[in-house]
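1. Need coordinates for the below:
(chains A and B)
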2 protein chains.
Amino acid sequence: MKSPKESVSLAVIRRLPKYYRYLNDLIGAGVAKISSKELGEAMGLTASQIRQDLNCFGGFGQQGYGYNVLYLREEIEKIMGLRSDLACILIGAGHLGGALASSRNLTGCGFRFVGVFDNNAALVGTTVGNMIVRHTDELSEFCAKEKPQMAVIAVPSGAASKLVQKLTDLGIKGFWNFSGHIEGAPTSAIIEHVHLEDAMMTLSYRMKENREDE
Amino acid sequence: MKSPKESVSLAVIRRLPKYYRYLNDLIGAGVAKISSKELGEAMGLTASQIRQDLNCFGGFGQQGYGYNVLYLREEIEKIMGLRSDLACILIGAGHLGGALASSRNLTGCGFRFVGVFDNNAALVGTTVGNMIVRHTDELSEFCAKEKPQMAVIAVPSGAASKLVQKLTDLGIKGFWNFSGHIEGAPTSAIIEHVHLEDAMMTLSYRMKENREDE
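-> Numbering: from 1, shown residues only, chains lettered A, B, ... in the order given. Next up is the predicted model:
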């Protein structure tokens, strides 16, 4: 299998979680194999796009047979690194942080939470998910000892830029950011931004234009 | 201006919130006009893609001048219907529901929350955002009276399909769904799905391949 590192666009990469979710649904429904046509219909893509996407990583299908569902899920797990177990900290123990820390959907996404931090003294010592909230003052010591590689940023938006800089200095490489625009992020940082409001704006448009699901 | 309803792909529509966010940032920074080249560089798109996207709605730019930032934001607000004020209910008063109900980023996205519901008696009567949580048994009566048009679905994933069916029967048209796959959604429903775990899987891949921001 060729290394996807250089050649595969992030647009393709961003479709892989969708494949992964569909394959899990299929496995749950007892489906053992599927053609690119059927998979495409279920996912709203063409058969040709399915084949193109998966060919980026070496194929996995057999002409005239289709895809073995279990095998394809396993390969996508490997490609995405979902079996790794990267140590991740959560910054922000508010509502959103609480939702993320206790979400079961995040199990099997390649990481585990090892600590949660907040600068609000009223939250320090409370429990979020299964973790006791620590004060952000303890970050340096914690990171030196536990060496987390990823952080989830769930703080008010004004606070995020400085925080990402600080966490990078403490050895954090990857960020899942819910806190809006990051000013002056270090070039070494790997950041996935989530803008929850975007989906609501899109819904607003579709309501206005009455565009049903396509 | 031609109606975008028939002609514009959802892929273009889904980029509009990103334009809107960037234009807000530019206005915050005191920028009055911007070229498609500069806007493209800021947003990670080509100048040509920017022009193509905006031409779907009639253009807005002037050759040799670029885009008037305030005017463009205003037009995008109109296109997306962000100034409308659709009544929206929130189902699920857990951590995630609490985060959404109290998020300031959702202001100006075309809707307002008019009620929050949960089937957990322990949450009924508590306050989420500025709203008192009602029992889901009250949904029929509430919807008959308040006629909400949208619902945010923030319940455990097994419960979502039945709920969407019920809410459609009560007159809800648009759904912002955080609860995974919806089985047998009515064809009239307009649904925006959010799969939070997708971003974390993408981050997992990028960590594995060490793909920094592009």
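
2. Tell me which residues are up against the least confident helix or strand in chain A by mean pLDDT.
-> Scoring the helices and strands of chain A by mean pLDDT, DSSP states H and E places strand A:61-62 at the bottom, with a mean of 72. For strand A:61-62, contacts defined as C-beta atoms under 8 Å, 6 or more residues apart in numbering or on different chains pick out A:Ser36, A:Arg51, A:Leu54, A:Tyr67. In this view, the C-beta of every residue, glycine as well, is placed from N, C-alpha and C.

3. What pairs with it, parallel or antiparallel?
-> Here strand A:61-62 has these sheet partners by DSSP bridges: strand A:66-68 (antiparallel).

4. In stretch A:132-147, which residues are buried?
-> If you call a residue buried by 16 or more other C-beta atoms under 10 Å in any protein chain shown, then stretch A:132-147 has these buried ones: A:Val133, A:Arg134, A:Thr136, A:Leu139, A:Phe142, A:Cys143.

5. In chain A, where is pLDDT below threshold?
-> A:1-7, A:213-214 (pLDDT under 70).

6. Show the residue spans covered by the strands in it.
-> Under the criterion DSSP state E, chain A contains strands at A:33-34, A:61-62, A:66-68, A:86-91, A:111-118, A:127-128, A:131-135, A:150-153, A:174-177, A:190-193.

7. circling back to that earlier point, tell me which two in the contacts of strand A:61-62 are the farthest apart.
-> Farthest-apart pair in the contacts of strand A:61-62 is A:Arg51 and A:Tyr67; separation 9.8 Å (C-beta to C-beta).

8. Skipping adjacent residues, who's closest to the residue positioned nearest the centre of chain A in space?
-> For chain A, the residue sitting closest to the mean C-alpha position, by C-alpha atoms, centre = their mean, is A:Cys109 at 6.8 Å. Using C-beta to C-beta, 6 or more residues apart in numbering or on different chains and skipping the chain neighbours, the partner closest in space to A:Cys109 is B:Met200 (4.3 Å).

9. Pretty sure that neighbour sits against A:Leu106.
-> Yes. At 6.0 Å, B:Met200 counts as touching A:Leu106 under the criterion of C-beta atoms under 8 Å.

10. Can you name the residues bridging to A:Tyr67?
-> A:Ile34, A:Gly61.

11. Look up how far A:Lys78 lies from it.
-> 15 Å (C-beta to C-beta, to the nearest Å).

12. which one of the two has more residues nearby?
-> Between A:Tyr67 and A:Lys78, counted using other C-beta atoms under 10 Å in any protein chain shown, the more crowded position is A:Tyr67 (26 against 14).

13. Quick one: residues contacting the more buried one.
-> Neighbouring residues of A:Tyr67 by C-beta under 8 Å, 6+ apart: A:Lys33, A:Ile34, A:Ser35, A:Ser36, A:Leu39, A:Leu54, A:Phe60, A:Gly61.

14. A:Lys37 too?
-> Residues near A:Lys37 by C-beta under 8 Å, 6+ apart: A:Ala47.

15. you'd agree A:Trp176 is up against A:Val164?
-> No. Taking C-beta under 8 Å as the definition, A:Trp176 is not a contact partner of A:Val164, at 11.2 Å.

16. Overlap in contacts, those two.
-> Listed contacts common to A:Trp176 and A:Val164 are A:Ile153; contacts here mean C-beta under 8 Å, 6+ apart.

17. So which bits of the top helix by length along chain A are buried?
-> When chain A is parsed with DSSP state H, its longest helix is helix A:10-28. Residues of helix A:10-28 classed as buried: A:Val12, A:Ile13, A:Arg15, A:Leu16, A:Pro17, A:Lys18, A:Tyr19, A:Tyr20, A:Arg21, A:Tyr22, A:Leu23, A:Leu26 (neighbour count, 16+ other C-beta under 10 Å).

18. follow-up on the earlier one: next, format the buried residues of stretch A:132-147 as TSV and append distance to chain B.
-> Formatted as TSV, those follow (distance: C-beta to the nearest C-beta, whole Å):
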residue	distance to chain B
A:Val133	14
A:Arg134	19
A:Thr136	19
A:Leu139	20
A:Phe142	20
A:Cys143	16
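
19. Distance to A:Asn120 added to those residues, as JSON lines?
-> Output for the buried residues of stretch A:132-147, formatted as JSON lines (distance: C-beta to C-beta, whole Å):
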{"residue": "A:Val133", "distance to A:Asn120": "9"}
{"residue": "A:Arg134", "distance to A:Asn120": "12"}
{"residue": "A:Thr136", "distance to A:Asn120": "9"}
{"residue": "A:Leu139", "distance to A:Asn120": "14"}
{"residue": "A:Phe142", "distance to A:Asn120": "17"}
{"residue": "A:Cys143", "distance to A:Asn120": "20"}
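
20. re earlier: please spell out the ChimeraX selection for the buried subset of the contacts of A:Tyr67.
-> ChimeraX command restricting those to the buried ones, with burial defined by 16+ other C-beta under 10 Å:
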select /A:33,34,36,39,54,60,61
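
21. Helices of chain A, residue ranges please.
-> A:10-28, A:36-43, A:47-55, A:69-80, A:95-101, A:139-146, A:160-169, A:196-209.

22. out of those, nearest to B:Gly97?
-> The nearest among the helices of chain A, by C-beta to C-beta, is helix A:95-101 at 8.3 Å.

23. centre of the chain versus that closest one, how much separation?
-> Centroid separation between helix A:95-101 and its chain, computed with C-alpha atoms, centre = their mean, to the nearest Å, is 15 Å.

24. which residues sit against that helix?
-> Residues outside helix A:95-101 that contact it (C-beta under 8 Å, 6+ apart) are A:90-91, A:93, A:106, A:113, A:116, A:118, A:128-131, A:152, A:154, A:178, B:94-96, B:98-99, B:102-103, B:196.
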